[in-house]
Every structure is written in C-alpha cells, then in structure tokens.
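1. Coordinates only, no sequence provided:
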C-alpha cells in the first residue's frame, strides 16, 4: 500500500470517528435534556395514566358499595340479627302466673286462668278456710266444706282449699312444712265433701294448716304438677 493511500484512509477513519462521536453526544444530550414538545407529550401521557387509575379505583369502590347494599337485605331475610331502629319496642312476654292474697295473711302464685277465692266467702268458722283455688271457675259456699265446688268438679279439674286450726288439740299432728309438696295418695272419703282427697298437714310460721286437694278422674299430670307448684309458692305470714 502506498503512503498516499494510507494517509487517505487514516483521514477517512478520523472523519468517521469524529462524526460518530458528534452523533453520540447529540443522542446523549437529547436524552438528558428533551425539548419542550417531548416534555409536553410525556406530561399528557402521565396525566392520562393517572386519570385512568383514579377512574378504576372509583369504579372498584362503587362495585363494593353496591355489593354490600345488595347483601344486607339478603342477610336480613336469612335471619341475621339486625339492630332495631330508634323508637322500636320489643313486645313484653305474656304473664304465665299471678299472685293472690287472702284476708288472713296468706299469699299464693297461681297459673293464669285459675280461680282464687278468699276463705271469707265460706260459712265455715272452725276450722276456718283461709283460701280456695282451682283450674276452673268454681262456685263458692258450703257449711262444712266447699261442697258446691266439689260437686261441680270437672273430670279434668283440680281444686284445693286450706283449713287453719287456731288451737289444735294435737300439735304433733302437724309436721314442719316440707321444702316441696307432693300430693301423695288420696284418703277418705270425707263426710263433709262426700269424696276422697289428698291431705297435707303441716305447721309454718307458728300456724297450723291442713291442705285438701280433690282431682277429677281425668286430671292431667301437668295439672297435678301445677297444683304442687302452687302449693310450693304458698307464703304464710306469722299469726
């Protein structure tokens, strides 16, 4: 290769290298300092992206709100507990029993629908009748016992009355009151009422009482249990 040709090639290489270096510098300068048009285009793209993102978030919140609003009535229909609104009042349960007091200082709790009669409505003086009660509307009166009520006892009826002995001949006949009552077997028949009866004799608060209970032949076990529960509720004030 001649010296002239070699010099020409070297000049071409240097010119090409300078051109590449100038082009690379221009590229680096463009990347680090974009012109105003490019900046505006980038800002528009960013604003568009942010707007799309906010819209998507808002749509998601709306969908969740609609879903919750849709599920709440469904939960209510399926029996989920919902707090009552202001001013709502829960209905009071109907009473199942009532308390009755005699004029002689005795108190008893009876099932709703039972009849209570103070002993002062009878003509018996000694032993006196403090009170009478039963599971139907029975007639009152009687000179020895509550004869009219016993005579009208329904087949499923239960009736009780309480005698009180003010000065018993044998106080030993009256055991201390038990914690709970059981009717036990029937005794009699008794002349004053003309039928058999369950008899309970005990002392309570210094007073001597005798409970008589008559039951119809078809009286249910539930009615007998109610009678025993009523006797358990008996409160006797000291004389």
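-> Perfect, I can see it now. It should be emphasised that the depicted structure is a prediction, and the values quoted were computed from it without experimental measurement.

2. so where's the protein uncertain?
-> 1-90 (pLDDT under 70).

3. domains for it, by residue range?
-> 3-77, 97-236 (automatic domain parsing).

4. Does residue 134 touch residue 160 like I think?
-> Yes: here residue 134 reaches residue 160: they are 6.8 Å apart, a contact under Cβ atoms under 8 Å. From N, CA and C alone the C-beta is placed, and that goes for glycine too.

5. The two: who's more crowded?
-> For residue 134 versus residue 160, neighbours defined as other Cβ atoms under 10 Å are more numerous around residue 134 (27 against 24).

6. so what's the more buried one up against?
-> By Cβ atoms under 8 Å, 6 or more residues apart in numbering, the residues touching residue 134 are 114, 115, 149, 157, 158, 159, 160.

7. out of these, which one sits closest to residue 207?
-> Nearest to residue 207 among these: residue 160, at 16.9 Å, using Cβ to Cβ.

8. after the one helix or strand that closest one maps to, next one along is what?
-> Taking DSSP states H and E as the criterion, residue 160 maps to strand 158-165. Downstream of strand 158-165, the first helix or strand assigned by DSSP H and E is strand 175-176.

9. Counting by contacts, list what that next one packs against.
-> strand 195-204 (3 or more Cβ pairs under 8 Å, 6 or more residues apart in numbering; DSSP states H and E).

10. Which secondary structure elements does the strand it packs on sit against?
-> Against strand 195-204 (3+ Cβ pairs under 8 Å, 6+ apart) you get strand 175-176, strand 187-190, strand 207-215.
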